[in-house]
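Engineer: return a 3D structure for these sequence lines:
(2 chains)
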Amino acid sequence: KQEVTQIPAALSVPEGENLVLNCSFTDSAIYNLQWFRQDPGKGLTSLLLIQSSQREQTSGRLNASLDKSSGRSTLYIAASQPGDSATYLCAVSNAGNMLTFGGGTRLMVKP
Amino acid sequence: SAVISQKPSRDICQRGTSLTIQCQVDSQVTMMFWYRQQPGQSLTLIATANQGSEATYESGFVIDKFPISRPNLTFSTLTVSNMSPEDSSIYLCSASDREETQYFGPGTRLLVL
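Structural biologist: Sure, this is the predicted structure:
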């Protein structure tokens, strides 16, 4: 059974810092990996999708990498801003595109 | 991308009653899913909604408790039956085409008293 772990569970940084969120998964036979953002009381917003054949994806200040063989992904956020404060969720897709989610990292960026 | 809406956005229900949540996608999609997010927790897949046939449930979820319909490629419903306070959660619908980006609805916040 696929298990997804995110470290750290919570993170508080001053504005402007570059930061890295970590995600690991136990079964490397994935189709893709997706990073989401969830604001309090809201649904999920897709940030980046990395297919299993890819090693990274970039969108603005966000960069996600994937090392499928070692079962790891990182989400890099450059020049963090208070608006980046949210919970970040990593999810991997196995057969049938069913997602298994990690526990999330709660990020607080202080002005 | 797909835009997903859910109704209701929130509800407060009495134990023993049932609530049906609707999910509408603005385009035809291959796959639709229902997830549950319990307070302070991450998301757990309840089932895959199959068009024109019975849903495929994950371990720990059964059809009698969470009946699901998907009459066409853009619409699905999830019913939470015979509710108890332990069913208080956010219920989220998602949609995707094969192994592509999965998009989520805004969720339905359910409180059972």
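Engineer: flag every residue of chain B that's near chain A.
Structural biologist: Within chain B, the positions lying close to chain A (CB under 8 Å from any CB of the partner chain) are B:31, B:33, B:35, B:41-45, B:48, B:58, B:92, B:94, B:96, B:98-107, B:109. All C-beta spots, glycine's among them, are computed from the backbone N, C-alpha and C.
Engineer: try it again with 10 Å
Structural biologist: Along chain B, the residues adjacent to chain A under the rule CB under 10 Å from any CB of the partner chain are B:1, B:4, B:6, B:10, B:30-31, B:33, B:35, B:37, B:40-45, B:47-48, B:56, B:58-59, B:90, B:92-94, B:96-109.
Engineer: in the chain, what residue spans correspond to strands?
Structural biologist: All of this refers to chain A. If DSSP state E is used as the criterion, the strands of chain A fall at A:4-7, A:10-14, A:19-25, A:32-38, A:44-51, A:56-59, A:62-67, A:72-77, A:86-93, A:99-101, A:105-110.
Engineer: switch to chain B, that's the one I care about
Structural biologist: Assigned strands in chain B, in chain order: B:4-7, B:10-13, B:19-25, B:31-37, B:43-49, B:56-57, B:68-72, B:75-80, B:89-96, B:103-104, B:108-112 (criterion: DSSP E).
Engineer: now for chain B, the helix or strand with the poorest mean pLDDT.
Structural biologist: Least confident element among the helices and strands of chain B, by mean pLDDT, DSSP states H and E: strand B:103-104 (a mean of 92).
Engineer: shouldn't A:Asp39 be in contact with A:Leu89?
Structural biologist: No: taking CB atoms under 10 Å as the contact criterion, A:Asp39 and A:Leu89 are not neighbours in contact, 11.6 Å apart.
Engineer: between those two, who's got more neighbours?
Structural biologist: For the pair A:Asp39 and A:Leu89, the greater number of neighbours falls to A:Leu89 (26 against 12), based on other CB atoms under 10 Å in any protein chain shown.
Engineer: show me the shaky parts of chain A.
Structural biologist: Low-confidence segments of chain A, defined by pLDDT under 70, are absent; every residue clears the threshold.
Engineer: show me what contacts residue 85?
Structural biologist: All of this is about chain A. For A:Ser85, the contact set (CB atoms under 10 Å, 6 or more residues apart in numbering or on different chains) comprises A:12-13, A:37, A:39-40, A:106-110.
Engineer: meant chain B, my bad for not saying
Structural biologist: Applying CB under 10 Å, 6+ apart as the definition, the contact partners of B:Pro85 turn out to be B:15, B:111-113.
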